[in-house]
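Structure of the sequence below:
(4 chains)
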Number of protein chains: 2
Amino acid sequence: MATSTTRTKRGKGRDNQAPGRPTQKDIALAAGVSQAAVSLVLNKAETPSVPPATRTRILEVAQELGYRPNHPARMLRSARTMTFACVIPDITNPFYPGLVRGLQTVAAPAGYDVLIFDTDGTREREARAIDWLLQGRADGVVATFFHLRVPQLAVLARKGIPLVRLESQHKPDGPLAIDSVYIDNSEAAAEMTRLLIARGHRRIAMIQAEFGPSNRRAQGYGAVMREAGLSPDFITDSAYSEESGARAMTRLLERKGDRPTAVFGASDVLALGAMEAARNAGLSIPDDIAIAGFDDIPVAKLLGLTTVRQPEFDLGALAAETLVRRLQPGGLRAPGKSHELKFEIVKRSSV
Amino acid sequence: MATSTTRTKRGKGRDNQAPGRPTQKDIALAAGVSQAAVSLVLNKAETPSVPPATRTRILEVAQELGYRPNHPARMLRSARTMTFACVIPDITNPFYPGLVRGLQTVAAPAGYDVLIFDTDGTREREARAIDWLLQGRADGVVATFFHLRVPQLAVLARKGIPLVRLESQHKPDGPLAIDSVYIDNSEAAAEMTRLLIARGHRRIAMIQAEFGPSNRRAQGYGAVMREAGLSPDFITDSAYSEESGARAMTRLLERKGDRPTAVFGASDVLALGAMEAARNAGLSIPDDIAIAGFDDIPVAKLLGLTTVRQPEFDLGALAAETLVRRLQPGGLRAPGKSHELKFEIVKRSSV
DNA sequence: TTCGCTTAGTTATACGTATTACTAAAGGAA
DNA sequence: TTCCTTTAGTAATACGTATAACTAAGCGAA
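Sure, this is the predicted structure:
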């Protein structure tokens, strides 16, 4: 029996890799060169040390074998995943798909893929997102956090993962690689509230969600109401969902005397739920009750919902551009910036 | 000067890894054990060769240093990405977010993430998706292909990447790891067409898209029309978008004599575009013109669109379950199966 | 002839992890 | 004492790629 020093071949050498995916080593073998030569030819446009003939041969063999670079191996070696994570409450909220498209549109040409992580707007899942990001699954993140604040997010920046937050207000610059893109939610809500008042409404309620951008929107609404000598009328339900909107509207309609004549939903989804509840109660919109929303999701147009337009595609695109810049050499050292985009009041038939 | 054999340390040893992300080696060093011991403790619930005391120490140190496993390294070593790819035409089509949620809901507990790849329904981007998948970015794929067929997709299965197709009809079993989930689109469209005929319509047009499930739907519609002695009336536009739907409807309305009294959109998005165009033309729905759709996207309910319900969440969930099963040991060898889910005609006010 | 330069590569190493094969030390039995 | 078994690990290797450092061969110039 051969003794201890015999090299024991574990498995058949290719038990791990899926059947037949050729590697650089295979190409090297077939072309009679070293793996290093293959790597050079495959990655550099010009290779002074490899003459055209060899170059061509390598490329041909690669072609023949159907070589595809092994992504995980590249990731490990280069410490780059070429992936952006998009951390959002819920992809089924129609606001987000547009954002994702904006992201992809900029990310793809730069070589980045987009991973979606839904948090459901809960603190627990937001924390899990952080943990997950710390495993090095993405080079950068675009995120909406309802619960976590800079102290909890700073760890990403410290570990070299730039973050772009989707925000509802200007954020002061900070030393870390945490940027934000936002529209002025407070001012936007204020303007919508002014519109409602201008249309003669005095009893205007706002349907809020517990967390998220709803707060800032409520601020703008509250300020304008008080300015006008009216009292803000908040009704809060849990989530940004139609069910929540409908539930809140139902509660409003159950009131005796001071039923509102206008309802401002803190998001379109909430407003749509409210619309449905109002219709089910036999009310006509806007005659019996006016309804306004926030976001301008694609359906809003179809339903004639008066709302605040957020340029979700542009927000996504801008976020991606910011990340791409951050990931260029030295980009992580720049201070965190806050970029404002403009909203627009879209007047339709619901007000 | 020391000579050639001096080991030159490239960089500072940690120039690649982001600042301060600790590795198993760091833990090993701090705990006074080997990297192998750390790996064992971190991954196995029971470690016969590591006594409780050492185990605890290692876990404590890991905790202290804030260790997170390096995902790329794991991927490389284990040849598993723990990622599913979801290849779809367009995430902004409201049909897909629900599907994605279904996917995620099953995938997440099994440890899989979900990557989104939009093809825009073009052949070129579908081909690129294949290429991208061959780089080993995902362990499994759920996909809707408009152009590629089994011959082009087989390469995935051959390289060990199981695929679940979202289909519009039953597919025969095959030897490869290519499964499908579907609802009987032809029968569903047939049933909707019967409903329209039962409501007294004789001139019923169908708005189609050039590629995708529209074909099968058209077949069901066509068959029923001919059976009833009516002539099918197809109008085709390019994509599954509101613009396409509106354009097609406008063309229909420009006709002189034989304007349809009912229009069947091959998808809800097409139907919604048609609705809008009809309304803009001053027609009332369903009195002047009835409109039906296909998919039952969330908006359909709000707009009272009569449509065919596809259980998109369940489709996604089932697809994910199929992939999870495929990725269990030996799962790749089972023949490809086709799973049917049931549709439902949802009658609302547009017909 | 000897040196130096160019050409055409190769060798060696590292990224972080998982796993197999090995081993030193201690304790118990014969 | 010697041998065996258990305990508590360690060493070595591989995954596929990228890259810095090295080198052998050939040629021209001094």
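
quick one: what helix or strand has A:Phe234 in it?
Following DSSP states H and E, one finds A:Phe234 within strand A:233-237.

what does that strand rub up against?
With contacts defined as CB atoms under 8 Å, 6 or more residues apart in numbering or on different chains, strand A:233-237 is touched by A:203-210, A:218, A:222, A:244-245, A:247-248, A:251-252, A:260, A:270. Using the backbone N, CA and C atoms, a C-beta is placed for each residue, glycine as well.

One more: stretch A:276-286?
A:242, A:245-247, A:249-250, A:253, A:263, A:275, A:288-289, A:291, A:349-351, B:302.

closest to B:Leu133 among those residues?
A:Glu242 (35.6 Å; CB to CB).

and the residue nearest to the spatial centre of chain A, which of the three is it?
The centre of chain A sits closest to A:Cys86, judged by CA atoms, centre = their mean, with a distance of 4.2 Å. Here A:Cys86 is recorded as strand under DSSP: H, G, I helix; E, B strand; the rest coil.

In contact with it, which residues?
Shown in contact with A:Cys86 (CB under 8 Å, 6+ apart): A:99-100, A:103, A:114-117, A:141-143.

Name whatever forms a beta bridge with it.
When assigned by DSSP bridges, A:Cys86 has beta-bridge partners A:Ile116, A:Val142.

Just want the phi and psi numbers for A:Phe343.
phi -90, psi 180 (degrees, to the nearest 10).

meant to ask about A:Gln310
Taking degrees, to the nearest 10, you get phi -110, psi 130 for the backbone angles of A:Gln310.

Show the pLDDT at the residue lying closest to A:Ser214 once chain neighbours are set aside.
Leaving aside its sequence neighbours, A:Ser214 sits nearest to A:Ala266 (CB to CB, 6 or more residues apart in numbering or on different chains; 4.0 Å). Here the pLDDT value assigned to A:Ala266 is 98.

what about the residue in the stretch 51-200 of chain A that chain B sits nearest to, how many neighbours?
Nearest residue of the stretch 51-200 of chain A to chain B (CB to the nearest CB) works out as A:Gly160 at 3.2 Å. Number of residues near A:Gly160 (other CB atoms under 10 Å in any protein chain shown) recorded here: 19.

With A:Thr92 instead?
As a burial measure, A:Thr92 scores 20 neighbours (other CB under 10 Å).

Likewise for A:Leu323?
Quick note: A:Leu323 (other CB under 10 Å) scores 27 neighbours.

residue contacts, it?
For A:Leu323, the contact set (CB under 8 Å, 6+ apart) comprises A:84, A:107, A:112, A:139-142, A:162, A:164.

Could you dump those into CSV and include pLDDT?
Shown next, in CSV, are the contacts of A:Leu323 (pLDDT from 0 to 100):
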residue, pLDDT
A:Phe84, 97
A:Ala107, 97
A:Tyr112, 95
A:Asp139, 96
A:Gly140, 97
A:Val141, 98
A:Val142, 98
A:Pro162, 97
A:Val164, 98
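
The residue nearest to A:Pro311 when sequence neighbours are not counted and DNA strand D: what is the separation?
Closest residue to A:Pro311 apart from its sequence neighbours, by CB to CB, 6+ apart: A:Leu341 at 5.5 Å. According to CB to the nearest atom of the strand, to the nearest Å, A:Leu341 and DNA strand D sit 36 Å apart.

Likewise for A:Thr119?
Counting by CB to the nearest atom of the strand, the gap from A:Thr119 to DNA strand D is 32 Å.

and what of A:Ile204?
A:Ile204 is 59 Å from DNA strand D, by CB to the nearest atom of the strand.

Kindly report the same for A:Arg149.
Counting by CB to the nearest atom of the strand, the gap from A:Arg149 to DNA strand D is 37 Å.

cool, A:Glu243 as well?
48 Å.

With A:Arg21 instead?
From A:Arg21 to DNA strand D the distance is 7 Å (CB to the nearest atom of the strand).

The closest residue to that residue other than its chain neighbours and B:Val114, how far apart?
Leaving aside its chain neighbours, A:Arg21 sits nearest to B:Lys159 (5.5 Å; criterion: CB to CB, 6+ apart). Computed with CB to CB, to the nearest Å, the distance linking B:Lys159 and B:Val114 is 20 Å.

Same check on A:Thr261?
According to CB to CB, A:Thr261 stands 44 Å off from B:Val114.

Can you name the residues of chain A sitting close to DNA strand C?
Selection of chain A residues close to DNA strand C by CB under 7 Å from any atom of the strand yields A:4, A:8, A:10, A:32-37, A:40, A:48-51, A:53-54, A:76-77, A:79.

all strands of chain A, in order?
Applying DSSP state E to chain A gives strands spanning A:83-88, A:113-118, A:140-143, A:163-167, A:178-182, A:204-209, A:233-237, A:262-265, A:290-292, A:307-309, A:338-340, A:344-346.

residue contacts, the nearest residue to A:Gly222 once chain neighbours are set aside?
Nearest non-adjacent residue to A:Gly222, counting by CB to CB, 6+ apart: A:Pro232, 4.4 Å away. A:Pro232 makes contact with A:206, A:218, A:221-222, A:225-226, according to CB under 8 Å, 6+ apart.

which of those are buried?
A:206, A:218, A:221-222, A:225 (16 or more other CB atoms under 10 Å in any protein chain shown).

quick one: which of those is nearest chain B?
For those, the nearest to chain B is A:Met206 (21.0 Å; CB to the nearest CB).

hey, what's the closest one bridged with?
A:Phe234, A:Phe264.

correct me, but it touches A:Phe264?
Yes - between A:Met206 and A:Phe264 a contact is recorded at 4.6 Å, counting by CB atoms under 8 Å.

Now list whatever residues contact both of these two.
Common neighbours of A:Met206 and A:Phe264, counting by CB under 8 Å, 6+ apart, are A:Tyr221.

What subset of the contacts of A:Leu323 is buried?
Among these, those buried by neighbour count (16+ other CB under 10 Å) are A:84, A:107, A:112, A:139-142, A:162, A:164.

quick one on the thing from earlier: who has more neighbours, B:Lys159 and B:Val114?
Per other CB under 10 Å, whichever of B:Lys159 and B:Val114 has more neighbours is B:Val114, with 23 against 17.

and that one, what is it in contact with?
B:Val114 sits next to A:115-116, B:83-86, B:100, B:103-104, B:107 when contact means CB under 8 Å, 6+ apart.

And these, which of them are buried?
A:115-116, B:83-86, B:100, B:103-104, B:107.

burial of A:Gln152, as a residue count?
14.

Leaving out sequence neighbours, find the closest residue to it.
Nearest non-adjacent residue to A:Gln152, counting by CB to CB, 6+ apart: A:Ile130, 6.9 Å away.

That neighbour and A:Phe146: what is the separation?
Per CB to CB, A:Ile130 is found 13 Å from A:Phe146.

Tell me who's in contact with the closest residue in space to A:Ser186 that isn't next to it in sequence.
Once flanking residues are discounted, A:Ser186 sits nearest to A:Gly220: 3.8 Å by CB to CB, 6+ apart. By CB under 8 Å, 6+ apart, the contact list for A:Gly220 reads A:185-191, A:193.

And A:Ala129, by the same measure?
Counting by CB under 8 Å, 6+ apart, A:Ala129 makes contact with A:85, A:87, A:117, A:119, A:143.

Please enumerate the helices of chain A.
Ranges of helices within chain A are A:24-31, A:35-43, A:52-65, A:71-78, A:95-107, A:123-133, A:150-158, A:185-198, A:214-227, A:242-253, A:268-280, A:298-303, A:312-326, based on DSSP state H.
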